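Q: fold the stuff below for me.
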Amino acid sequence: MRGKVRDVIALILLVLPVAGCSAAVLDGARDDAGFSISGQAPASVTSGSGAATLENGSAAFASLPFVRSSPEVVAPFPLVLNETVQHYVDSYLSQPQGLESSFRRSNPYMAEMVSVLQNHGLPKDLVYLTFAESAFTDTGAGPWQLSRETARRFGLTINRWVDERRDPIKSTRAAAAYLATLHDEVGDDWRMTLVAWNNGEGGVDRYRDLQDVSYELLVRRLPERTRELLNRFMAVALIARHSREYGMQEAAGTTVRDYRVIPVKGGTQLSTIAEVNHTSVWMLHFLNPGLLRDAVPPAESYAVRVPSEGRDGQLLKTL
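A: Predicted coordinates for the structure are as follows:
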């Protein structure tokens, strides 16, 4: 009998911690990244001295405002919602039109961009770096704001015909390769990967002693431009993850592309491509922002995105 009692007690002791975690996880909604959130809006999560807490005073798990509740191939980026990041969140939400416009511009490409990042072993949250860097612009140095040297190093073409930094998919391939390289060099630390991204591979050496410190201490030691980039990135990623709770348009992107890619003879005028594919030159520039002229580069062949049949109207909704 005592042996059975002992077994029952042991079983109870094993079950109690699991039950406690399950209650916390099931108590809130779960987002696409496999995290649970409290029944309140994400903005109700604050951080005290190191550990995040909810407004009702209950301690959150670990030092982050979200609980990882399902395995992923790549661990999520370690987002932090502290007072400073909350300030950036509030700033975006006070004038949401700008961020929502960026989300709409990214919509045709977002699913494919996330796939590129994951194929390189990167957290999918890093796609929101494009909003922190450039508000997902298709001009200048493009959504990832790659330098000419880095862009060419990772296979992008920049000349008087094209600037592939402006192309969301091509530039994401280059950015993913660069981020993966930086991640390997800094030693499996995603925060320091972004420090290296913003300061260059050589510029990160002075911050290596900060790899295991809290986020608050890390940003205090970083240059202002890096600190602001990290805070903007954290804020956009948190808003995008929980856009419904914040009353924002979703930024996940469609899983079905509204365009197809066709090979075109080098030097072909966009007006000819538009006529054959029942679209407009304007739409071709929208889908191929890397093209700087009204013709494709003079090469043997060049890949051009054209709307899927009958999809012009759907793409126009992204503007």
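Q: just list whatever residues bridge to residue 306.
A: residue 260 (DSSP bridges).
Q: hang on, residue 146 in a strand?
A: No: counting by DSSP: H, G, I helix; E, B strand; the rest coil, residue 146 falls outside a strand, being coil.
Q: now do the contacts for it.
A: By CB atoms under 8 Å, 6 or more residues apart in numbering, the contact list for residue 146 reads 154, 156, 165, 171, 174-175, 178. All C-beta atoms are positioned from the backbone trio N, CA, C, and that covers glycine.
Q: now, the most widely separated pair of those residues?
A: For these, the farthest-apart pair by CB to CB is 165 and 178; their separation is 11.9 Å.
Q: more crowded one of these two?
A: residue 165 (28 against 21; other CB atoms under 10 Å).
Q: what helix or strand is the residue nearest to that one when sequence neighbours are not counted located in?
A: Once flanking residues are discounted, residue 165 sits nearest to residue 142: 3.8 Å by CB to CB, 6 or more residues apart in numbering. Take DSSP states H and E as the rule and residue 142 turns out to sit in neither a helix nor a strand.
Q: pretty sure residue 142 sits against residue 169.
A: No: taking CB atoms under 8 Å as the definition, residue 142 is not a contact partner of residue 169, at 11.0 Å.
Q: of the two, which one has the most company?
A: Comparing residue 142 with residue 169 by other CB under 10 Å, the one with more neighbours is residue 142, at 28 against 16.
Q: now for residue 251: which residues touch it?
A: So residue 251 contacts 103, 106-107, 110, 128, 240, 243 (CB under 8 Å, 6+ apart).
Q: whoops, I mixed them up, residue 152
A: Residue 152 neighbours (CB under 8 Å, 6+ apart): residue 158.
Q: where does residue 126 sit: helix, strand or coil?
A: Per three-state DSSP, residue 126 ends up helix.
Q: give me the neighbour count for residue 173.
A: With other CB under 10 Å as criterion, residue 173 counts 19.
Q: could you report the distance from it to residue 181?
A: 13 Å (CB to CB, to the nearest Å).
Q: over to residue 297?
A: Applying CB to CB to residue 297 and residue 181 gives a distance of 27 Å.
Q: more neighbours: which of these two?
A: When residue 297 and residue 181 are compared for neighbours, residue 297 comes out ahead with 19 against 16, by other CB under 10 Å.
Q: leaving out sequence neighbours, find the closest residue to the more buried one.
A: Going by CB to CB, 6+ apart, residue 297 has residue 161 as its nearest residue, at 3.9 Å.
Q: hmm, the one you found is touching residue 294, no?
A: No: using CB under 8 Å, residue 161 is not in contact with residue 294, being 10.8 Å away.
Q: more neighbours, these two?
A: residue 161 (18 against 12).
Q: can you give me the strands in the stretch 1-150 of the chain?
A: Listed in chain order, the strands of the stretch 1-150 of the chain (DSSP state E, counting those that start in this stretch) span 35-36, 46-47, 52-53, 67-68.
Q: let me redo that: the stretch 201-319 of the chain
A: Using DSSP E, counting those that start in this stretch, strands in the stretch 201-319 of the chain cover 259-265, 301-307.
Q: same list, those strands, but as TSV with mean pLDDT please.
A: Listed next are the strands of the stretch 201-319 of the chain as TSV, based on pLDDT from 0 to 100:
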stretch	mean pLDDT
strand 259-265	93
strand 301-307	94
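Q: which of those strands sits most buried?
A: Comparing the strands of the stretch 201-319 of the chain by mean neighbour count (mean count of other CB atoms under 10 Å), strand 301-307 comes out on top with a mean of 19.
Q: same for it, what does it pack against?
A: strand 259-265, helix 281-287 (3 or more CB pairs under 8 Å, 6 or more residues apart in numbering; DSSP states H and E).
Q: could you export those as TSV, including distance to residue 223?
A: Converted to TSV, the helices and strands packed on strand 301-307 look like this (distance: least, CB to CB, whole Å):
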stretch	distance to residue 223
strand 259-265	39
helix 281-287	36
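Q: closest to residue 248 out of the ones you listed?
A: helix 281-287 (23.0 Å).
Q: contacts only, for residue 248.
A: Residue 248 touches 93, 96, 99-100, 103, 239, counting by CB under 8 Å, 6+ apart.
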